[in-house]
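S.K.: My questions are about this predicted structure, shown below with the sequence.
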Amino acid sequence: MDSARILLAGGGVETETALVEAFSGDGVVIDLVHTNDGDDALTELVSSPFQLCVVRGHADAPDFALEICEGAKEAGVRIPIVVLMDLASLHTEREFLNAGALAAIPWDGSQDSMLRNLVRLTVILRSTEESLRASNDRLVQEMLTMQDERERAEALNAQYVDLAENYALAKEELEKLNQEKNKFFSIIAHDLRSPFTSLLGFTALLEQRAEGLNPEQVKEYGHTINTSATRIYKLLENLLEWSRLQMDRVEFKPQDFDLGDVALKTVDVLGPVAAEKGVALTDTDHAPGVHADMHMIDAVIRNLVNNAIKFTPEGGSVTIRYETLDSDKIKVSISDTGVGMDEDTQKKLFKLSENITMPGTGGEKGTGLGLILCKELVERNGGQLCLESIPGQGSTFSFTLPAARAAQQTAPQSTQESAEANLAAPEAKTAAN
């Protein structure tokens, strides 16, 4: 404390001298402002900073000191006020304290030591209070700064989380694209080249040995060429359909149609293939109507039936069944009595990253792309493709489709009524050996 600014209200030269001498010898510079007017004193207290206000109260004019104390209190002035009374009076002292004074002491000009100590202590306390208040203000400011920094850190952290999530999604999408690219190149490099090799080889033999071949050999070569060409055509058809799906260039045209009409086309086309292999291909009667893209569902049924025939040995069977699950959902199942598959193979079957290619029971070859294509086509139509399989007993591929809109608008048939209707219907129509 190098200086102290004190306001003296009332009093005379002796009071001024006593206040100045209170700090003599301490090297403290006293800035003393003296006024004998109560209004001026209040104005000074409100407008200027002071460490202490000393009011000289006289017994013959107590209102002077009371008005200053009460006015400072009402104005919210926090400067300590010490009232110097003429006479010791407990009642008067309490009045001053209630009015807002820090202390009220009797002083007749002779208690210099008491006044000096009181003033020194009050000024020191005031200086300490100001220092604490400044420290508190700095602490509050630092806390606000820390709060701002924490909020900025939280905002940055949220941005980092979003970036990490976007990166993970982009990475996942990139990995998927790489898997698709690798699968595509694998099919072109191996599965597409193999039938071409056979096709080119036998056409070359025909060209070179045409004059020396007998009819049976020509027929045999022609059959092999036809088989290779058919494999190439089916593979290219699936590749084109799959690539269009990936590029979202497949036109989606859902409509109401009878599943039986679509399944019958598959039976007509693949029935001879099944019969040649000795496999019974059966399509149950009374197929319900669905609301889907007819072209896509035709591809799904054709692929699933062709796959079932491929993995069913001679004497086995492939059956197409229909089930109305509720008023707005139809289930189609293609079951076979073929070789089946274990759980590990089933888990990998619909993953593009896995290369699942197994030869059929008649040595038929495949790429695994047909099942992935079926899954995407079914999901595009709002359904799900499921598999149940037991090694050595066969497999059942099932998928759901929305029921025909017209059927959804009518009252749903109960499960019991559906079961009775199925029992009353003819068993099946069969295309077999």
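M.R.: Arrived safely. Numbering: from 1, shown residues only.

S.K.: Only C-alpha atoms from now on, for both contacts and neighbour counts.
M.R.: Fine.

S.K.: Where does pLDDT dip in the stretch 51-200 of the chain?
M.R.: In the predicted model, the stretch 51-200 of the chain carries pLDDT under 70 at residues 109-117, 126, 177, 179-195, 198.

S.K.: at 80 instead, please
M.R.: When residues are selected by pLDDT under 80, those of the stretch 51-200 of the chain lie in 59, 62, 107-130, 173-200.

S.K.: now the helices for it?
M.R.: 62-74, 90-99, 112-186, 193-209 (DSSP state H, counting those that start in this stretch).

S.K.: which of the ones you listed sits most buried?
M.R.: Compared across the helices of the stretch 51-200 of the chain, helix 62-74 shows the largest average neighbour count, a mean of 20 (mean count of other C-alpha atoms under 10 Å).

S.K.: what's the angle between that one and helix 90-99?
M.R.: 30 degrees (axes from the mean of the first three to the mean of the last three C-alpha atoms, to 10 degrees).

S.K.: Name the residues that touch helix 62-74?
M.R.: Helix 62-74 is contacted by residues 38-39, 41-42, 45-46, 55-57, 78, 81, 83, 95-96, 99-101 when judged by C-alpha atoms under 8 Å, 6 or more residues apart in numbering.

S.K.: Strands along the stretch 301-433 of the chain, start to end?
M.R.: 317-326, 329-336, 385-390, 394-402, 429-431 (DSSP state E, counting those that start in this stretch).

S.K.: between the ones you listed, which gets nearest to V28?
M.R.: Closest to V28 of the strands of the stretch 301-433 of the chain is strand 385-390 (C-alpha to C-alpha; 94.1 Å).

S.K.: Flag every buried residue along the closest one.
M.R.: 385, 389 (16 or more other C-alpha atoms under 10 Å).

S.K.: centroid residue for the chain?
M.R.: Residue closest to the mean C-alpha point of the chain, counted by C-alpha atoms, centre = their mean, is E165 at 8.0 Å.

S.K.: I'd like the distance between it and Q159.
M.R.: Here the distance between E165 and Q159 works out to 10 Å (C-alpha to C-alpha, to the nearest Å).

S.K.: Domains in the protein, by residue range?
M.R.: 3-135, 192-250, 253-431 (automatic domain parsing).

S.K.: lowest-confidence stretch among those?
M.R.: Least confidently modelled of the domains of the chain is domain 192-250, at a mean of 73 by mean pLDDT.

S.K.: that older thread, got TSV for the strands of the stretch 301-433 of the chain, with distance to G222 too?
M.R.: As requested, the strands of the stretch 301-433 of the chain are exported to TSV (distance: least, C-alpha to C-alpha, whole Å):
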stretch	distance to G222
strand 317-326	28
strand 329-336	30
strand 385-390	37
strand 394-402	33
strand 429-431	25
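
S.K.: Of the ones you listed, give the one that comes closest to G212.
M.R.: strand 429-431 (38.9 Å).

S.K.: okay, how far is it across stretch 318-338, tip to tip?
M.R.: Start-to-end, stretch 318-338 (C-alpha to C-alpha) is 9 Å.

S.K.: re earlier: now the domains of the chain in JSON lines, with distance to E175?
M.R.: Putting the domains of the chain into JSON lines (distance: least, C-alpha to C-alpha, whole Å) gives the following:
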{"stretch": "domain 3-135", "distance to E175": "58"}
{"stretch": "domain 192-250", "distance to E175": "14"}
{"stretch": "domain 253-431", "distance to E175": "9"}
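
S.K.: So for Q141, which of these sits nearest?
M.R.: That would be domain 3-135 among these, by C-alpha to C-alpha, at 9.7 Å.

S.K.: can you tell me the distance between the two ends of the closest one?
M.R.: 20 Å.

S.K.: same check, this time on stretch 77-91
M.R.: Note: stretch 77-91 ends 24 Å apart using C-alpha to C-alpha.

S.K.: Residues in contact with it: which ones?
M.R.: For stretch 77-91, contacts defined as C-alpha under 8 Å, 6+ apart pick out 45-46, 50-59, 65, 69, 72, 96, 100-108, 122, 126.

S.K.: Out of these, which end up buried?
M.R.: Neighbour counting by 16+ other C-alpha under 10 Å classes 45-46, 50-58, 65, 69, 72, 96, 100-107, 122, 126 among the contacts of stretch 77-91 as buried.
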